[in-house]
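Chemist: Sharing a model that was predicted from the sequence below.
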Amino acid sequence: MTHAQVVREDSVQIQEAHGFRFADGAVPAGSLTYAPASVVSVGTAKFVFISGHTGTAPDSADLDEPPAQAISRQSVTALNKIEAVLHSLGGTMDDIVRVRVYVRAPLTKEIFEAIHDARRAFFDGPRKPASTLVRIDALVRPDALIEIDADAVITDHPDVRP
């Protein structure tokens, strides 16, 4: 029987490597009460649970753009953050098995299509992740329109994915 081992060191390394920030500056790795990702190793496989990432950036909060363009930009930014976490752990977007997307209301057809157009650039291979999309009233950051979290399985065997 193989025992799962929770690897917490990776979470702090991820925080430090990517300089996680609030709008008013850098966040010291030890000050957060959550991790950008948690990793559970089982044999040679890593199960990666990536925390939600918004598409906001300190320099983009005041952009005046149409809603579909803003959601597209924020979707790409959030997915870039997720991709950076995966790369720091030796994975790629192809390792993602599930995503959850939280979109601030309203969710129009144009906004829905903009989100999926942005996602296609990241999930263009034959394996698509399972996905949930939830419309919500607000996110913690008032300038955030979208938050995305993901689960991935990184394995030494690229043809094997649960």
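Modeler: Happy to help now that I have it. Numbering: from 1, shown residues only.

Chemist: List the contacts of stretch 74-86.
Modeler: Contacts to stretch 74-86, defined as Cβ atoms under 8 Å, 6 or more residues apart in numbering, come from residues 14, 18, 36-37, 48, 50, 53-57, 60, 92-93, 95-96, 114-115, 118-119, 121-122, 144-150, 152, 154. All C-beta spots, glycine's among them, are computed from the backbone N, C-alpha and C.

Chemist: And it, how far out from the chain middle?
Modeler: Centre-to-centre, stretch 74-86 and its host chain are 5 Å apart (Cα atoms, centre = their mean, to the nearest Å).

Chemist: List the buried residues of it.
Modeler: 74-79, 81-83, 85-86 (16 or more other Cβ atoms under 10 Å).

Chemist: Next: stretch 109-126.
Modeler: For stretch 109-126, using 16+ other Cβ under 10 Å, the buried residues are 111, 114-115, 118-119, 122-123.

Chemist: quick one: which of those sit in helices?
Modeler: Among those, the members falling in helices are 111, 114-115, 118-119 (criterion: DSSP state H).

Chemist: Looking at those, which is nearest residue 65?
Modeler: Of all these, residue 65 sits closest to residue 114, with 11.3 Å by Cβ to Cβ.

Chemist: Backbone dihedrals for the residue nearest to residue 93 when sequence neighbours are not counted, please?
Modeler: Nearest residue to residue 93, sequence neighbours excluded (Cβ to Cβ, 6 or more residues apart in numbering): residue 122, at 5.0 Å. Dihedral pair for residue 122: phi -100, psi -30, per degrees, to the nearest 10.

Chemist: mind checking which helix or strand the residue nearest in space to the middle of the chain is in?
Modeler: Nearest residue to the geometric centre of the chain (Cα atoms, centre = their mean): residue 82, 3.6 Å. Taking DSSP states H and E as the definition, residue 82 sits inside helix 67-88.

Chemist: close enough to count as contact, residue 147 and residue 102?
Modeler: Yes. In this structure residue 147 lies within contact range of residue 102 using Cβ atoms under 8 Å: 4.5 Å.

Chemist: Between those two, which contacts overlap?
Modeler: 52, 139.

Chemist: show me where the chain has helices.
Modeler: Using DSSP H, helices in the chain cover 9-18, 67-88, 109-120.

Chemist: Would you reformat those as JSON lines and include mean pLDDT?
Modeler: Output for the helices of the chain, formatted as JSON lines (pLDDT from 0 to 100):
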{"stretch": "helix 9-18", "mean pLDDT": "50"}
{"stretch": "helix 67-88", "mean pLDDT": "93"}
{"stretch": "helix 109-120", "mean pLDDT": "95"}
